[in-house]
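> Everything below, folded, please.
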Amino acid sequence: MPSAPSANSPSANSPSASAPGDSDIEQRGINVVRGFAMDAPQRASSGHPGTAMALAPLAHVLFTRVMSYDAGAPLWADRDRFVLSNGHASILQYSMLYLTGYGLTLDDLREFRQFGSRTPGHPEVHHSEGIEVTTGPLGQGFAQGVGLGIAERYLRHRFGPGICDHHTFVLCGDGDLMEGVSHEAASLAGHLGLGRLVYVFDDNHITIDGATELATNDDVGARFEAYGWHVVHLGEAANDLDAIESGLREGMAEADRPSLVILRSHIGWPSPHRTDTKEAHGDPLGAEEIRETKAVLGLPVDADFYSPDDVVEYYRRAGRRGASTRAEWERRLSRLDVTERAAYDLCMKGGGAAGWAAGLPTFDAGTKMATRRAVNVCLNATADSLPGLVAGSADLTGNTGVHLSAGEVQDRSHQGGNQVHFGIREFAMAAVMNGMALHGGTLPVGGTFFVFSDYARPAIRLAALSRAHVIYFFTHDSIGLGEDGPTHQPIEHLASLRAMPGLRLLRPADANECAAAWQIAVESDGPTAIVLSRQDLPVLEGTAERSRGGVARGAYVLSDPRDGSEPDIVLLGTGSEVQHCVAASAALASEGVGAQVVSFPSWDLFESQDAAYRATVLPPGTPCLAVEAGASLGWDRYAQATVTIDRFGASAPGATNMEKFGFTGANVADKARELLAARRV
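Predicted coordinates for the structure are as follows:
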């Protein structure tokens, strides 16, 4: 068998491994975890045993010696956080959650990767107690860990270390560090000086293709030192429990910078024929190899999911040992004065004080304001009533509506700042926001140009899957942004994000609809994207009265035919194009054509309404023309014709673009006449 160096053997480096007592049961417990790591993928005919086998000692040290948690109260707010960024090794985390008493059972381990089980192929938050964030897409767990660290620091500064003072531990592998988002997030964490972040790099030199040297020869330690991280080189210590603990505690001692502990491990160890092979990465070991490996480990070779009572009880005691620490924290929390306790509760809820929305402004019809500006007015008008609000942007703070006029920039000197400069790191920004939201205690708002939501899309998807309460301001939402040209002009983005389950998408028509959209975003669970214009838009007649209730229902009638009769046609618009529907309606009215104008800011909210309401907005049998400066894809579910754009834009002044591509009241009226004529044929 390809053997690890002698220093990497249990007998050589487990503390007093040959002596009776805790050191003996520690090694037996680690071997039980290795047994689970083999048995679960084998039973599922799917999974990644090798990393879990190699890192069983590390997980053991974290859950029995280092982390502060109480398995009986998994949501205790001041617990240490654990993130398995290399989420393909999920059986390692599930094994520890079962053993330490989070509620998983042996049957759950047996149902690994099966439909409806509590042990899916990659860790999913809200799926099983003890999973902090959803991981699997490599690099995103790494970045979410940075978000957990920002939220912890924000709360610690705001309420003091007696209320918030914990660490975040993140396990990551070569795949995480090759993905670009880890570069973005690591650079940000180093710049911010985020202490209490302890990452462990599983340096096992293996990917699914083979040796990592096929694709990379980075000096990881030098890279992270350049980011401003504290780096601990443990070397060949994957089975040395004391060395692992020492490295972790050295990282924990760093209060003003994040730490990376580099651990050389051997994937699949101690498999006689699969150690240090790519086959141990992504395939079950096979029945015979498992038998041989169990014999090496001293496990019963014919017993699947071997879990002796004394080992389970040992881990259960470790899982309960934080109960007294939690009880002391609860006493400190109870002693906060009324004002501070209310603020703390609001932070943890991620919402606003009672009546907070009363502070939202109303905008007068006829005035003009870009919706990116209007949403910033709403943000600042209510910021004082949203104690967990933390806003930031991928460099474009003044352009994207996220600037807090009374905000303080978060950095090394101002650790409780509520304005974060994420830099030109859209992917990391969105992933970090997920970590902040899932930690609890903050309401993250992040902004960038809508076209650059492409860079953030994987993290937006994970926010939707995780139901993370995050808010995006996506600005410069169409060809109307103008001279920057087609590279910066979103076309397919509305259709693309509408297709994403669990993401609430709103494109307000004017400033009053922005106020309604902001209220929805704050008060709703899960992620919300508000899509906003660069150019000034008129505040429309009727939105002051109708938008608060109408936007919440996804679509609403902004104006009826002038004579009160049933409409001849529905003109349906979103965002900056609603104004053209209004103008077209007036032109058609002069010809005796009654048009019902519908503002349609949100498909998903409209779809959640009952059929009776939907029929009042889109009367059955009435022809409908949809108007939107984006792709036509999907509009056929609501409309028989569209004024849309299915090509890339052009570099020209925004108003010129809108006219050339047909987004004018006159053209909308012409298309309405064509639709009505076609219906009469």
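> neighbours around Ala394, how many?
Here the neighbour count serves as a burial measure; for Ala394 (other C-beta atoms under 10 Å) it reads 25. The way it works is simple: take the backbone N, C-alpha and C, and place the C-beta from them, glycine included.
> scratch that, Thr616
Neighbours around Thr616, by other C-beta under 10 Å: 11.
> Could you pull out the buried residues of stretch 466-476?
For stretch 466-476, a neighbour-count test (16 or more other C-beta atoms under 10 Å) marks Ser466, Ala468, His469, Val470, Ile471, Tyr472, Phe473, Phe474, Thr475, His476 as buried.
> what does stretch 347-358 give?
Of the residues in stretch 347-358, those scored as buried under the neighbour-count criterion (16+ other C-beta under 10 Å) are Cys347, Met348, Gly350, Gly351, Gly352, Trp356, Ala357.
> end-to-end on that stretch?
Across its full length, stretch 347-358 reaches 19 Å between end residues, using C-alpha to C-alpha, to the nearest Å.
> Next: stretch 41-58.
End-to-end distance for stretch 41-58, by C-alpha to C-alpha: 20 Å.
> Can you verify my assumption that Ala243 contacts Val232?
No. Using C-beta atoms under 8 Å, Ala243 is not in contact with Val232; the gap is 10.2 Å.
> residues contacting the closest residue to Trp76 other than its chain neighbours?
Spatial nearest neighbour of Trp76, chain neighbours left out: Arg326 (4.9 Å); criterion: C-beta to C-beta, 6 or more residues apart in numbering. Arg326 makes contact with Asp70, Ala73, Trp76, Asp78, Arg79, according to C-beta atoms under 8 Å, 6 or more residues apart in numbering.
> I'd like to know how far the residue nearest to Thr528 when sequence neighbours are not counted sits from Thr543.
Sequence neighbours aside, Ala521 is the residue nearest to Thr528 in space, at 3.9 Å (criterion: C-beta to C-beta, 6+ apart). Relative to Thr543, Ala521 is positioned 18 Å away (criterion: C-beta to C-beta, to the nearest Å).
> Could I have the CA atoms of stretch 385-400 written out in CSV?
What follows is stretch 385-400, C-alpha atoms only, in CSV (Å, rounded to 0.1, in the frame of the first residue of the first chain):
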residue,chain,number,x,y,z
SER,A,385,-34.7,51.7,12.3
LEU,A,386,-32.7,48.8,10.8
PRO,A,387,-30.0,48.2,13.4
GLY,A,388,-28.5,45.2,11.6
LEU,A,389,-28.2,47.0,8.3
VAL,A,390,-24.8,46.6,6.6
ALA,A,391,-24.5,47.9,3.1
GLY,A,392,-21.7,47.6,0.6
SER,A,393,-20.9,47.5,-3.1
ALA,A,394,-18.4,46.0,-5.5
ASP,A,395,-16.6,49.3,-5.8
LEU,A,396,-19.6,51.3,-7.2
THR,A,397,-20.9,52.6,-3.9
GLY,A,398,-21.9,56.0,-5.2
ASN,A,399,-23.5,54.6,-8.3
THR,A,400,-25.5,51.7,-6.9
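> hmm, back to that, for the residue nearest to Thr528, list the residues it contacts.
Contact criterion C-beta under 8 Å, 6+ apart gives Ile471, Arg504, Leu506, Thr528, Ile530 as the residues in contact with Ala521.
> go with 10 Å
The neighbours of Ala521, taking C-beta atoms under 10 Å, 6 or more residues apart in numbering as the test, are 375, 378, 443, 445, 469-473, 504, 506, 527-530.
> Just the element for the residue lying closest to Gly228 once chain neighbours are set aside, please.
Here the nearest residue to Gly228 in space, its sequence neighbours aside, is Gly190; by C-beta to C-beta, 6+ apart that works out to 3.2 Å. Take DSSP states H and E as the rule and Gly190 turns out to sit in helix 180-192.
> Give the next helix or strand downstream of that helix.
Past helix 180-192, heading to the C-terminal end, the next element that is a helix or strand (DSSP H and E) is strand 197-203.
> what's downstream of that following strand, the next helix or strand?
Next along the chain after strand 197-203, with elements defined by DSSP H and E, is helix 220-227.
> Next, count neighbours for the closest residue to Asp80 other than its chain neighbours.
With C-beta to C-beta, 6+ apart as the criterion, Asp80 has its nearest non-adjacent residue at 4.3 Å, and that residue is Met67. By other C-beta under 10 Å, the residues close to Met67 number 19.
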